[in-house]
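**Q** After the sequence you'll find the predicted model.
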Amino acid sequence: MTETVSLSAVGKRYGKVDAVRDVSFTLGAGETIALVGHNGAGKTTLIKMMLGLIRPTTGTVNVLGEDPSSGDFAVRRRLGYLPESVSFHMALTGRETLSFYARLKHVDEAEIPGLFERVGLAPLAADRPVRTYSKGMRQRLGLAQALLGKPRILLLDEPTSGLDPALRRSFYDLIAELRDKGTTVLLSSHALTELEGRADRVVIVNDGVKIADGTLDDLRRIARLPTRISLKVAEGTEKPQGINGATPWRNLGDGAFETDVAPEEKIALLRKVTATPTALSTLSVAEPTLDDLYAHFLRGQQRP
Ligand SMILES: Nc1ncnc2c1ncn2[C@@H]1O[C@H](COP(=O)(O)OP(=O)(O)OP(=O)(O)O)[C@@H](O)[C@H]1O
């Protein structure tokens, strides 16, 4: 995978605050990465260093082969950024807003109508002042602004806050389309559940330090959290063999049972309980969620 962004031992200190400490990771072309962390964990600071808006106190940042804070405009043109709180000039229309950013970025304004379509802002909305936009519409205008100039790298800070479920879905469809075209997409978010299955990789930061980095499967392997198996015994049948075995099951009443099983024992147990399929009326297997993994890695870091 072609590397587009690389951070090596990066640190950022604001006065007495160590906002980021010794963080290293790389991002690749066509990769969607979730940057996850509590409020104040250092996510925005990391994004601003990739944009060249602030310089690291220690370490180096490399974007498309250049130092983004060197003032080289060519690199910044290839970056799209959606800040956490988008604020536009309320008196300008959506179209005027995008024209303004297109001129700033030296991008051909012919792109603008296509962008309105792409982010689902109707042509009518384009000519209305931004003050009449809903929060979701402003967010979409922000995304259109970030997409100006067909960036190779998109840095999106909390991009789906303010979007309703339907808009979130269309937002992620758009992200998938961009990824297929080779764009690097970094999404900073607290909305862990919606990132599952959408981000190729997850980078977790806490208190300025990177505490985990990998695909969801990698993180599951490292965390070794149990899988929850829940089932219901079909009425009038004997309990399946696996329920009488060594595994401790919680009896939830009404024929329902659940247990948490270690990753390496999961398949063998499933084999046992499904040996007589007619003995079960329901069966579900829940792998640890990104929320569970996040909590696990935070706990690990807090251990002395
Ligand atoms: N300009 C600044 N001056 C002083 N401290 C700052 C500045 N910017 C950020 N910080 C501090 O650096 C730390 C990291 O902040 P940052 O905004 O990067 O976190 P974040 O993960 O983006 O948080 P959130 O999810 O709330 O946006 C926080 O303790 C914050 O108070």
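**A** Arrived safely, thanks for sending.
**Q** When you work out contacts or count neighbours from here on, use the C-alpha atoms and nothing else.
**A** Noted.
**Q** does L270 count as helix, strand or coil?
**A** Following DSSP: H, G, I helix; E, B strand; the rest coil, L270 is assigned to helix.
**Q** Which element, helix or strand, includes the closest residue in space to it that isn't next to it in sequence?
**A** Nearest residue to L270, sequence neighbours excluded (C-alpha to C-alpha, 6 or more residues apart in numbering): G242, at 7.9 Å. In this assignment (DSSP states H and E), G242 forms part of helix 241-244.
**Q** still on that earlier bit, what's the local residue count around the residue nearest to L270?
**A** 17 (other C-alpha atoms under 10 Å).
**Q** what about the residue nearest the centre of the chain, distance to the ligand?
**A** With distances taken as C-alpha atoms, centre = their mean, A34 lies nearest the centre of the chain, 3.0 Å away. Distance check for A34 against the ligand: by C-alpha to the nearest ligand atom, to the nearest Å, it reads 12 Å.
**Q** Identify the residues contacting the residue in the stretch 101-250 of the chain positioned nearest to the ligand.
**A** When distances are taken as C-alpha to the nearest ligand atom, the stretch 101-250 of the chain reaches nearest to the ligand at G208, 6.8 Å away. Applying C-alpha atoms under 8 Å, 6 or more residues apart in numbering, we find G208 in contact with D18, A19, V20, R21, V23, A41, G42.
**Q** hmm, 7 Å instead?
**A** D18, A19, V20, R21, A41, G42 (C-alpha atoms under 7 Å, 6 or more residues apart in numbering).
**Q** Could you confirm the second one falls within a strand?
**A** Yes - under the criterion used here (three-state DSSP), A19 sits inside a strand.
**Q** What ranges does this structure have for its strands?
**A** 3-14, 17-28, 32-36, 58-63, 79-82, 153-157, 184-189, 201-206, 209-214, 227-233, 250-253, 256-261, 280-286 (DSSP state E).
**Q** Run through the neighbouring helices and strands of the last one.
**A** Spelled out, that is strand 280-286. Secondary-structure packing of strand 280-286 (3 or more C-alpha pairs under 7 Å, 6 or more residues apart in numbering; DSSP states H and E): strand 227-233.
**Q** got it, and the fourth one?
**A** Counting contacts by 3+ C-alpha pairs under 7 Å, 6+ apart, the secondary-structure elements packed against strand 58-63 are strand 3-14.
**Q** what about the helix ranked longest in the chain, average pLDDT?
**A** The longest helix of the chain (DSSP state H) is helix 165-180. Mean per-residue pLDDT for helix 165-180: 88.
**Q** Residues contacting it, please?
**A** Contacts of helix 165-180 (C-alpha under 7 Å, 6+ apart): G30, E31, T32, T160.
**Q** Which ones among those residues also lie next to the ligand?
**A** Among the contacts of helix 165-180, proximity to the ligand is found for none (C-alpha under 6 Å from any ligand atom).
**Q** can you tell me the distance between the two ends of stretch 51-68?
**A** End-to-end distance for stretch 51-68: 6 Å, by C-alpha to C-alpha, to the nearest Å.
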